[in-house]
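[1] sequence unknown, structure follows:
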């Protein structure tokens, strides 16, 4: 299926938006579809695009910043909804993520995004995945409209705090973004709808440390009900004020996702995540393994008696394998490494930190990421 150049530009402009755990992009300009992790871990193809590349903001890192000399493109709600329906009819996509440059004010921008989603839902009867971006400062009415149509909504905070945001987006107000997240959470709770809420940060452009990032997302999870955070590694864009900065190290982004997962799924407190003296995560070893090595007093853990929270501290044991261990214990217990393998445990990582019926297993510890 051929796309016109305007649509290709809108899709490519959305590439820095993290809408889900992306697992790849079809490397063909005729078929620019993004794959995200869907139900059960299955790759799910979606259309991820901007409504418009016009923007009144002048963020220092952004390819569509106001003062950058670039051709601007937009699609109206009818056009974009029709295109999505065509892709859906051909079996090319199963959902949509929709964002936009800020055109006029936040509500005017939201109106076009919401209308696109409304046409997709009402005219075409689509019942699947729709992720809508909420613009900071949007009114309650605009947020309610988005919530009524979306599977997921998100407000990007872009940086971990006011000071760092001022370095990359001096026209934006960090407090307004946080207030918008808080109002969206309240409206979601009042609606009774099963709509999740996420956010995104740009990493590596503002001189922020990983400690700042983790402290910020920890507050978002505990106080504002955000379900997860996405990290967009900074990439210098020609003809922007930050085009002389180096790109973010991909290893740093990977470590941040690992630390974030420990906080969201493994029960780690932000303060438990091990950092280097400069306030950043180690690039050479993953944070869970580093925590385990730094806490010899905690180990070994007996897999046949430890509760779930203790098992999740063991390298090589994740939420799924911890649950399977608990199930297997009800059926006679863990007798050896083969049982743990069947439970999905990464034996090379776990073996140095566990006992099985009081005995240490004979398997070499691996520090591989």
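    In hand now; what should we look at? Please read these numbers as outputs of a predicted model, since none were measured by experiment. Numbers count the residues shown, from 1 in each chain.
[2] now do the phi/psi pair for residue 39.
    phi -60, psi 130 (degrees, to the nearest 10).
[3] check the gap between it and residue 119 for me.
    Going from residue 39 to residue 119 by C-beta to C-beta, to the nearest Å gives 25 Å. Every residue, glycine included, has its C-beta placed from N, CA and C.
[4] just residue 183 next, same as before
    25 Å.
[5] the residue most central in space within the chain sits in which helix or strand?
    Nearest to the geometric centre of the chain sits residue 230, at 2.7 Å (C-alpha atoms, centre = their mean). Assigned by DSSP states H and E, residue 230 belongs to strand 228-233.
[6] check residue 316 too.
    Counting by DSSP H and E, residue 316 is part of no helix or strand.
[7] circling back: confidence score at the residue nearest to the centre of the chain?
    Per-residue confidence (pLDDT) for residue 230: 94.
[8] and for residue 70?
    Residue 70 is given a pLDDT of 87.
[9] quick one: secondary structure of it?
    The three-state label given to residue 70 by DSSP: H, G, I helix; E, B strand; the rest coil is coil.
[10] which residues does it contact?
    53, 63-64 (C-beta atoms under 8 Å, 6 or more residues apart in numbering).
[11] ok, so of the residues you listed, who is nearest residue 331?
    Comparing the contacts of residue 70 against residue 331 with C-beta to C-beta picks out residue 63 as the nearest, at 55.3 Å.
[12] and residue 274, how many neighbours does it have?
    Residues lying near residue 274 (other C-beta atoms under 10 Å) number 17.
[13] correction: the previous question concerned residue 118.
    There are 16 residues near residue 118, going by other C-beta under 10 Å.
[14] and the residue lying closest to it once chain neighbours are set aside, what pLDDT?
    Nearest residue to residue 118, sequence neighbours excluded (C-beta to C-beta, 6 or more residues apart in numbering): residue 149, at 5.9 Å. On pLDDT, residue 149 comes in at 98.
[15] phi, psi for residue 149 please.
    phi -110, psi -20.
[16] for it, what are its contacts?
    Taking C-beta under 8 Å, 6+ apart, we find residue 149 in contact with 114, 117-118, 121, 130, 132.
[17] separation between it and residue 59?
    27 Å.
[18] now do residue 318
    36 Å.
[19] which of these two has more neighbours?
    residue 59 (22 against 19).
[20] check contacts around that one.
    65, 158, 168-169, 171-172.
[21] in ChimeraX, select just the buried ones from these.
    In ChimeraX, a selection of the buried entries from these looks like this (16 or more other C-beta atoms under 10 Å):
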select :65,158,168,169,172
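[22] which two of the contacts of residue 59 have the greatest separation?
    65 and 158 (13.0 Å).
[23] and of the contacts of residue 70, the nearest to residue 81?
    Out of the contacts of residue 70, the member with the shortest distance to residue 81 (by C-beta to C-beta) is residue 53, at 18.4 Å.
[24] residue 295: which of the contacts of residue 70 is nearest?
    For the contacts of residue 70, with residue 295 as the reference and C-beta to C-beta as the criterion, the closest is residue 63, at 43.7 Å.
[25] just the ones of the contacts of residue 70 in helices?
    Among the contacts of residue 70, DSSP state H puts none in helices.
[26] could I get these as CSV with pLDDT and neighbour count?
    Putting those into CSV (pLDDT from 0 to 100; neighbours: other C-beta atoms under 10 Å) gives the following:
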residue, pLDDT, neighbour count
53, 91, 21
63, 91, 18
64, 91, 22
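[27] and residue 37, what pLDDT?
    79.
[28] if we can go back for a sec, contact partners of the strand holding residue 230?
    By C-beta under 8 Å, 6+ apart, the surrounding residues in contact with strand 228-233 are 16-20, 198-204, 213, 217, 220, 247-250, 252-253, 256-257, 260, 264.
[29] spell out the secondary structure type for residue 180.
    Applying three-state DSSP: residue 180 is helix.
[30] ok, it - contacts?
    By C-beta under 8 Å, 6+ apart, the neighbours of residue 180 are 134-138, 143, 155.
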